[in-house]
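Trainee: I'll drop the sequence and a predicted model, then ask my questions.
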Amino acid sequence: MSVAAENAEKNNAADKCKFYTGVAADVKGEYEIVTANILAHVLIEAMPELTPLVKQGGKLILSGIILEKSQDVQDSCIQNGLKIVEVLQEDSWVAIIAGK
């Protein structure tokens, strides 16, 4: 988390970012961009709590997903009212960008 905060500071965006660690259900509000970098089964389990955090027109960026679990996470996004915008792959790792 400290690296994300440092990058926000370097890019003059620290005042526009909020960083949280913990359980998605404990976060309040709606945001233009929500990110989560956790294992696929945790993302799928947390999807009902992550989705409401994304503003209408916003994006949910998910990473830390192994290729074999990518479709499961995409299906969970769709089942929770999101649209898949882009899927990025590097070796056996996948990131998913979903929109509301």
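Mentor: It's in.
Trainee: Please make it C-alpha for all contacts and neighbour counts, starting now.
Mentor: OK.
Trainee: gap between Glu49 and Val27?
Mentor: Per C-alpha to C-alpha, to the nearest Å, Glu49 is found 9 Å from Val27.
Trainee: Looking at those two, which one has more neighbours?
Mentor: Using other C-alpha atoms under 10 Å as the criterion, Glu49 and Val27 rank with Glu49 on top: 17 against 13.
Trainee: quick one: contacts of the host helix or strand of the more buried one?
Mentor: Counting by DSSP states H and E, the element that carries Glu49 is helix 40-50. Contact with helix 40-50 is made by 24-25, 34, 36, 62, 64-66, 69-70, 72-73, 76-77, 80, as judged by C-alpha atoms under 8 Å, 6 or more residues apart in numbering.
Trainee: Then stretch 89-97?
Mentor: So stretch 89-97 is contacted by 59-67, 70, 74, 84-88 (C-alpha under 8 Å, 6+ apart).
Trainee: What of stretch 16-32?
Mentor: Applying C-alpha under 8 Å, 6+ apart, the contact partners of stretch 16-32 are 1, 4-5, 8, 46, 49-50, 52-59.
Trainee: do that again at 10 Å, thanks
Mentor: 1-2, 4-5, 8-9, 33-36, 46-60, 99-100 (C-alpha atoms under 10 Å, 6 or more residues apart in numbering).
Trainee: Just the endpoints, please. Distance across it?
Mentor: 11 Å.
Trainee: Same check on stretch 7-18?
Mentor: End-to-end distance for stretch 7-18: 12 Å, by C-alpha to C-alpha.
Trainee: in that stretch, what counts as buried?
Mentor: Of the residues in stretch 7-18, Ala8 count as buried by neighbour count, 16 or more other C-alpha atoms under 10 Å.
Trainee: just stretch 46-61 next, same as before
Mentor: Neighbour-count burial for stretch 46-61 flags 46-55, 58-61 (criterion: 16+ other C-alpha under 10 Å).
Trainee: Dump those into JSON lines; add distance to Phe19 and pLDDT as well.
Mentor: What follows is the buried residues of stretch 46-61, written out as JSON lines (distance: C-alpha to C-alpha, whole Å; pLDDT from 0 to 100):
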{"residue": "Ala46", "distance to Phe19": "17", "pLDDT": "95"}
{"residue": "Met47", "distance to Phe19": "18", "pLDDT": "97"}
{"residue": "Pro48", "distance to Phe19": "19", "pLDDT": "96"}
{"residue": "Glu49", "distance to Phe19": "16", "pLDDT": "95"}
{"residue": "Leu50", "distance to Phe19": "14", "pLDDT": "96"}
{"residue": "Thr51", "distance to Phe19": "17", "pLDDT": "97"}
{"residue": "Pro52", "distance to Phe19": "17", "pLDDT": "96"}
{"residue": "Leu53", "distance to Phe19": "13", "pLDDT": "96"}
{"residue": "Val54", "distance to Phe19": "14", "pLDDT": "97"}
{"residue": "Lys55", "distance to Phe19": "17", "pLDDT": "98"}
{"residue": "Gly58", "distance to Phe19": "17", "pLDDT": "98"}
{"residue": "Lys59", "distance to Phe19": "16", "pLDDT": "98"}
{"residue": "Leu60", "distance to Phe19": "14", "pLDDT": "98"}
{"residue": "Ile61", "distance to Phe19": "14", "pLDDT": "97"}
